[in-house]
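In: What shape does this take:
(2 chains)
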Amino acid sequence: MENGNLKDLEPGQKAKIAKISGTSSIKRRIMDMGLVPGAEIEMERYAPLGDPVEIKLKGYHLSLRKEEAENIVIE
Amino acid sequence: MNEKITIALAGNPNSGKTTIFNNLTGARQHVGNYPGVTVERKEGRLKFKNFDIDVIDLPGTYSLTAYSPDEVVARKVIIEEKPDVLVNVVDASNLERNLYLTTQLKELGVPVIIAMNMADMAEAQGIKFDYQLLSQLLGVEIVRTVGTKKQGIEELLETVVNVARRKNDLPEKQVKYSSEVEEEIKKIEALLNEDTSVTDEAAASLEGIIDSRDNCLKRWLAIKLLENDKDVIGTVKSQNGGKQVLEQLAKSQEQLKKISGEDTEMLIVDGRYAFIRGACQESMTFTEEDRLSMTEKIDKVLINRLLGLPIFLGIMWLLFQLTFTLGGPPMEWLDAGFGALGEWAAVHMQEGLAQSLIVDGIIGGVGGVVVFLPNIILLFMGIAFLEGSGYMARAAFVMDKLMHKVGLHGKSFIPMLIGFGCTIPAIMATRTLENDRDRLLTMLIAPLMSCGARLPVYTLLIAAFFHESVAGNILFSIYLIGIALAIIMAKVFRKWLLPGESEPFVMELPAYRLPTIKSVLIHMWERSWLYLKKAGTIILAASIIIWTLFTFPIIDPQGNEFESANVQMEQSYAGRIGKAIEPVIAPLGFDWKTGVALVAGFAAKEVVVSTMGTLYSIEDEDALAEEEEGSVKSFADRAREQSGYTPLVAYVLMLFTLIYVPCMATIAVLKRETNGWKWPMFTIGYTCALAWVVCFIVYRGGLLLGIGV
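Out: Just a heads-up that it's a prediction; the model follows:
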């Protein structure tokens, strides 16, 4: 099982979250929004200027900067 | 005598909480601020059957940790004000995530009711709910609502009343964590049992909201400790018995980390979601919807890689047009109206000080504030619409990369853009920024976006001292310098003044909806009224002060009247201030007359032009304002003669006008929006200092290089 990073996904690709890394407050914020280990996500698109990225998660859409997406480890 | 019930509305942002609040309270709502923070306080009231119900609309939050001011405030209000019932407004199409907040609300011990809002959208997506079952599983009453169609409000109020009187009979359901976690919770609870000083202290700080459910308190404390909650850890630390508890906490956390490989914070989050998932899986059914939702279809166009940016710029242009072009005529009418009022007063009052005070000071000053009203109203209508429809989040999404590079946030772009028209609505527009630091930073930078009021100053000086062919470029350069300085100061402030971890950008892109006219109007009215009230009072005071400075003394030491307006101005307090600051501004090429004009500019930038008119004895000030060739020429000649004006000096003056001190109305709004004088004063200070430094460099540099002299 290869562990990748959320920001390595291409638009249209799906993945499952394995783990959340990063500082306490980043982790907190990410998890508060529903991005928890086990959640299934789909990479939707990159913003016109390349950053941030939009992902789809069980019925809603979130956007986050690539530097934050780095904290989301996927399998 | 009616019975009184207090309820608080809690819920995720974008859950339709505000619509429900508006449905409940209508126009009977009041917006204020919580002391010490920039979080808004909204409350209202209504009558239902024989009850008087007070409603507090808590800030929208995703959870109740101690990390963001919104969440801290929400938690504090619930704990300190002890509402009888918490109405948790939940977005039915995003149930699982919304319930995360619910589990935390339940922990506080206040009865919770769920308003399953936007149920129509969820049902349209093919989701079916078994409300009874879900209610049983969560241990919470559920009412189906559709805020935009006013469905379910009566039922909601009925349930509120029943729950408030404890007339419901749902089982108590608390989140049960994994067995390892529960074990550690018990250990911590045991210590809390032993030494009651900690629980007493906590109960005192929680003011008895949980005293009637003692077990609740210890468990809540234990869970919060495992979550590394800053507030609770602080409370425990401050108690003698706390040391032991914290030691046990450390041991527990280590133990749990060893067993599961995870931080305890994560384990608690997992536990909550497991509870939620269990309840949802049993009570909800989905029909497989692979079709793209309407929102996704719209977004395919609105924020795609190619069209996203142009479309965004187009929408911004529309907003601008709406505000400044559409708002133009009403502004002119108001201006004329106040002018007429002033004339009427001048005719009907005896000549003298009182008349001058009323006409020039008060009517002039207040008029200056009210004149902006059409602008503000239209702008907020536009913003309310964009925000309510969900587009605002897309705007931030598109602009964030650029803004972030500069140390700002995607949502900072719109306020900055508005600043090119007028700084006041720009500052008020920063409310869309959730994070305090980003918001403050944007507010501090906003004045550097050259606003509309400075334009008359530029055009006059350019017409007087520069050749037609370079006029456009000169003007453009001023705007560019403003933008460049804004970027530099953003970086400087970010690094030195407001340092700290960058706020995570993680942001929801809500589904698109058509905002109701009512919500747009309420939003618009709220902001406009606040502007009038707060900015108005300060402007009034400041106008009177400025009027006093320019009017007195009216007679010279010998008791004679002054020969001319020109001389009177020189002898007035304003004039003396001008003379006093002359040494400071001389290195920039300015003399005392310019100093006086700059002092006048404190009130409003446009006033610089009329003051210049008086200083250089231009009889027809209106002609000067309209830049009639004759007046402009005499102005240019006299300024050159009397004050040594050269194109270089004129340019430096324009720069100074750009940078120094935003107008009084802006200061007043800054005070209101930041809840204090600290930041307005800071803005006055830094802009003056920056203006001086930049102008010094440009002037001396110009002299050295022999440009424009």
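In: Can you name the next helix or strand after the helix or strand where residue B:440 lies?
Out: Taking DSSP states H and E as the criterion, residue B:440 maps to helix B:436-445. Next in sequence after helix B:436-445, counting helices and strands by DSSP H and E, comes helix B:455-465.
In: Relative to the whole chain's centre, how far out is that following helix?
Out: Chain-centre distance of helix B:455-465: 34 Å, with CA atoms, centre = their mean, to the nearest Å.
In: Check which helices and strands it sits against.
Out: Secondary-structure packing of helix B:455-465 (3 or more CB pairs under 8 Å, 6 or more residues apart in numbering or on different chains; DSSP states H and E): helix B:468-492, helix B:607-615, helix B:621-625, helix B:629-643, helix B:647-659. Where C-beta positions appear, they are placed from N, C-alpha and C, glycine not excepted.
In: Of all those, which one is nearest residue B:456?
Out: For those, distance to residue B:456 was read as CB to CB. The smallest value, 5.1 Å, belongs to helix B:607-615.
In: picking up where we left off before, would you convert the helices and strands packed on helix B:455-465 into a markdown table that also reports distance to chain A?
Out: A markdown table is the format used below for the helices and strands packed on helix B:455-465 (distance: least, CB to the nearest CB, whole Å):
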| stretch | distance to chain A |
| --- | --- |
| helix B:468-492 | 16 |
| helix B:607-615 | 39 |
| helix B:621-625 | 42 |
| helix B:629-643 | 44 |
| helix B:647-659 | 28 |
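In: Looking at those, spot the one closest to residue A:30.
Out: Ranking the helices and strands packed on helix B:455-465 by proximity to residue A:30 (CB to CB) places helix B:468-492 first, at 25.9 Å.
In: angle of the closest one against helix B:647-659?
Out: Helix B:468-492 runs at 40 degrees relative to helix B:647-659, counting by axes from the mean of the first three to the mean of the last three CA atoms, to 10 degrees.
In: Show me which residues of helix B:468-492 are buried.
Out: For helix B:468-492, burial by neighbour count (16 or more other CB atoms under 10 Å in any protein chain shown) applies to B:474-475, B:478, B:481-482, B:485-487, B:489-490.
In: one step back: with respect to residue A:41, which of the helices and strands packed on helix B:455-465 lies nearest?
Out: Here helix B:468-492 is closest among the helices and strands packed on helix B:455-465 (CB to CB), at 32.6 Å.
In: contacting residues around the closest one?
Out: For helix B:468-492, the surrounding residues in contact (CB atoms under 8 Å, 6 or more residues apart in numbering or on different chains) are B:406-408, B:416, B:420, B:441, B:444-445, B:448-450, B:458-459, B:462-463, B:466, B:651, B:654-655, B:658-659, B:686, B:690, B:694.
In: pLDDT at residue 73, what is it?
Out: Going with chain A. Listed pLDDT for residue A:73 reads 86.
In: That was the other one, I meant chain B.
Out: pLDDT for residue B:73: 86.
In: Tell me what angle whichever strand or helix holds residue B:667 forms with helix B:436-445.
Out: Following DSSP H and E, one finds residue B:667 within helix B:664-674. Using the same axes, to 10 degrees, the direction of helix B:664-674 lies 170 degrees away from that of helix B:436-445.
In: ranges for the helices of chain A?
Out: A:24-32, A:66-69 (DSSP state H).
In: Show the buried residues in the contacts of helix B:468-492.
Out: By neighbour count, with 16+ other CB under 10 Å, the contacts of helix B:468-492 hold B:406-408, B:416, B:420, B:441, B:444-445, B:448-450, B:458-459, B:462-463, B:466, B:651, B:654-655, B:658-659, B:686, B:690, B:694 as buried.
In: all strands in the chain, in order from the N-terminus.
Out: You didn't say which chain, so I picked chain A. Using DSSP state E, the strands found in chain A span residues A:4-5, A:14-20, A:40-46, A:53-57, A:60-64, A:72-74.
In: sorry, should have said chain B
Out: B:3-11, B:29-33, B:40-48, B:51-57, B:85-91, B:112-117, B:127-129, B:141-144, B:284-286, B:507-509.
In: neighbouring contacts of the fourth one?
Out: Strand B:51-57 is contacted from outside by B:2-9, B:17-18, B:21, B:24-25, B:29, B:41-47, B:77, B:81, B:83, B:157, B:160-161, using CB under 8 Å, 6+ apart.
In: Surely residue B:708 touches residue B:646?
Out: Yes. Shown here, residue B:708 and residue B:646 form a contact pair, counting by CB atoms under 8 Å, at 6.0 Å.
In: Relative to chain A, how far out is residue B:511?
Out: Residue B:511 sits 8 Å away from chain A, going by CB to the nearest CB, to the nearest Å.
In: Same check on residue B:445?
Out: Distance of residue B:445 to chain A, computed by CB to the nearest CB: 20 Å.
In: can you pull the pLDDT of the residue nearest to that residue when sequence neighbours are not counted?
Out: Excluding its sequence neighbours, the residue lying closest to residue B:445 (CB to CB, 6 or more residues apart in numbering or on different chains) is residue B:486, at 4.7 Å. Listed pLDDT for residue B:486 reads 93.
In: and what of residue B:620?
Out: 61.
In: Ok, residue B:536 next?
Out: pLDDT for residue B:536: 68.
In: and if you look at residue B:149?
Out: The model's pLDDT for residue B:149 equals 87.
In: Could you list the residues of chain A in contact with chain B?
Out: For chain A, the residues in contact with chain B (CB under 8 Å from any CB of the partner chain) are A:20, A:23-37, A:45-52, A:54, A:58-65, A:68.
In: Of these, grab the buried ones for ChimeraX.
Out: Applying 16+ other CB under 10 Å to these leaves a buried subset, and the ChimeraX line that selects it is:
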select /A:20,26,27,28,29,30,31,32,33,34,35,36,37,45,46,47,48,49,51,52,54,59,60,61,62,63,64,65,68
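In: Now for residue B:27: which residues touch it?
Out: Contact analysis of residue B:27 by CB under 8 Å, 6+ apart lists residue B:522.
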